[in-house]
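Asks: For reference, the sequence and a predicted model appear below.
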Amino acid sequence: MCMNQLIEINPRVCNGKPIIAGTRVPVSVIVDHLADGCAVDDIRAKFPELSREQVVAAIQHCHDLIERTELELA
């Protein structure tokens, strides 16, 4: 399943977690690095196989998930 051309979910890769397409780098790893204060360029230095566009796609994927989440008030 493709979320967009840069993010994919495959149950046979990384237990079905969203990953950067064509890699085994989970979106969650990108987000963890951002949460630790890393800049996009820092992440790219740690994962030289990733383009800036791929890192931004991971961030966009998280944004899209949040936007699709609906809260039900009790």
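Replies: Great, that's in hand.
Asks: can we go C-alpha only for contacts and neighbour counts from here?
Replies: Noted.
Asks: Show residues contacting stretch 14-29.
Replies: Stretch 14-29 is contacted by residues 5-11, 13, 54, 58-59 when judged by Cα atoms under 8 Å, 6 or more residues apart in numbering.
Asks: that's a strand at residue 24, yeah?
Replies: No: assigned with DSSP: H, G, I helix; E, B strand; the rest coil, residue 24 falls outside any strand and is coil.
Asks: the strands in this protein, which residues?
Replies: For the chain, the strands defined by DSSP state E occupy 7-8, 19-20.
Asks: gap between the last one and the chain center?
Replies: For strand 19-20, the distance from its own C-alpha centre to the chain's C-alpha centre is 6 Å (Cα atoms, centre = their mean, to the nearest Å).
Asks: Residue 53: neighbour count?
Replies: 11 (other Cα atoms under 10 Å).
Asks: Other residues contacting stretch 34-46?
Replies: For stretch 34-46, the surrounding residues in contact (Cα under 8 Å, 6+ apart) are 30, 33, 50-52, 55-56.
Asks: hmm, back to that, which members of the contacts of stretch 14-29 are positioned in helices?
Replies: Applying DSSP state H to the contacts of stretch 14-29, the entries found in helices are 54, 58-59.
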